[in-house]
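**Q** let me see the structure of the following:
(one chain, ligands or ions: 1)
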Amino acid sequence: MEEKRHMVGGISRKTLERLPVYHHYLEQKEKEKSETISAPLMAADLKLNEVQVRKDLAMVTKTGGKPKMGYQIRELIRDIEEFLGYHNTNQAVLVGAGSLGKALLTYRGFEQYGVEIVMAFDSDGRKVNTKIGGKLILPFVKLENLCQRMNIHIGIITVPAHSAQEACDHLVAAGVKAIWNFAPIHLKVPGHVLVQNENMAVSLAALSKYLYEAEKEGR
Ligand SMILES: NC(=O)c1ccc[n+]([C@@H]2O[C@H](COP(=O)([O-])OP(=O)(O)OC[C@H]3O[C@@H](n4cnc5c(N)ncnc54)[C@H](O)[C@@H]3O)[C@@H](O)[C@H]2O)c1
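**A** Coordinates of the predicted model:
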């Protein structure tokens, strides 16, 4: 079961998490007017293992790299987008239109990754029927019915930790299959539902530890 949680559609989460990194890097290279890229250069720039990069790219691209020339950047970008489903737009709803929810609702970049937040739900009557980033905030009690009717498959949780499981249960009951969770809590979901946790504390802990070690070593 634990093993299954590390896999998404037969691919390891770690691999899946590297693909958007490659995508972003390649877009940057394209902006700099590069047309081709080699696996060793990508690996060195991204501080990754070269064999790993080659393996990941072999999984997403049909064309493969050419000796000396490497990969065509445009083709590689297109292949990664196709692999990750960036071209199929999935509608998402957000639960909890507070500070973080507001930031996500006003961010325009998610559509590039195939996700469109269509509306939000909140239990605070003062927020209901207002709009944030052009998206309507609806009463939490309407979540199940509306998500079911609209066939929504992605739910974003930005409520306080103590309300997150409740929000999650309603999303799952409404037919949501993938949850992007920002609340610092482990959510219990049925086996067919994928939870992607965004835990900023983990990233901050890594930064703190790095600085602590660097100070100890006098770097
Ligand atoms: N703000 C950040 O930068 C940040 C960063 C990392 C993680 N988080 C996490 O994200 C979550 C939200 O943080 P925030 O700072 O935006 O909080 P917030 O208090 O500003 O917003 C929470 C919102 O959720 C609503 N809400 C509460 N219970 C609800 C329920 N049962 N159903 C529907 N709506 C409900 C509230 O009315 C409020 O609008 C928290 O779990 C927090 O730990 C926040």
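**Q** okay, CA-based contacts and neighbour counts for the rest of this
**A** OK.
**Q** how about the longest strand anywhere in the chain: buried residues?
**A** What stands out as the longest strand in the chain, according to DSSP state E, is strand 115-122. Buried residues in strand 115-122, defined by neighbour count with 16 or more other CA atoms under 10 Å: Val115, Glu116, Ile117, Val118, Met119, Ala120, Phe121, Asp122.
**Q** which one of those is nearest to Ala173?
**A** Minimum distance to Ala173 across the buried residues of strand 115-122 is 15.2 Å, recorded for Phe121 (CA to CA).
**Q** circling back: quick one: distance of the longest strand of the chain to the chain centre.
**A** Distance of strand 115-122 from its chain centroid, counting by CA atoms, centre = their mean, to the nearest Å, is 15 Å.
**Q** name the SS class of Pro184, please.
**A** What DSSP: H, G, I helix; E, B strand; the rest coil gives for Pro184 is coil.
**Q** that one against Gln165, yeah?
**A** No. Judged on CA atoms under 8 Å, Pro184 makes no contact with Gln165 at a distance of 10.9 Å.
**Q** so which residues on this protein come close to the ligand?
**A** 95-101, 121-124, 140, 158-161, 163, 167, 182-184, 200 (CA under 6 Å from any ligand atom).
**Q** so in this protein, which helix runs the longest?
**A** Ranked by number of residues, the top helix in the chain under DSSP state H is helix 13-31.
**Q** the residues of the chain next to the ligand in helices, which ones?
**A** Reading helices off these with DSSP H, I get Ser99, Leu100, Gly101, Ala161, Ser163, Ala167, Met200.
**Q** any idea which helix or strand comes after the lowest-mean-pLDDT helix or strand in the chain?
**A** Sorting the helices and strands of the chain by mean pLDDT, DSSP states H and E puts helix 2-5 at the bottom, at a mean of 48. From helix 2-5 onward toward the C-terminus, using DSSP states H and E, the following helix or strand is strand 7-8.
**Q** partner strands of that next one, with direction?
**A** Its sheet considered, strand 7-8 pairs with strand 11-12 (antiparallel) by DSSP bridges.
**Q** so for the partner strand, what's the average pLDDT?
**A** In this model, strand 11-12 carries a mean pLDDT of 84.
**Q** what do you get for stretch 102-121?
**A** Taken as a whole, stretch 102-121 has an average pLDDT of 93.
**Q** could you do stretch 72-81 as well?
**A** Throughout stretch 72-81, pLDDT has a mean value of 94.
**Q** how distant is it from the center of its chain?
**A** 19 Å.
**Q** report the buried residues of that stretch.
**A** Going by neighbour count (16+ other CA under 10 Å), the buried part of stretch 72-81 is Gln72, Ile73, Glu75, Leu76, Ile77, Arg78, Asp79, Ile80, Glu81.
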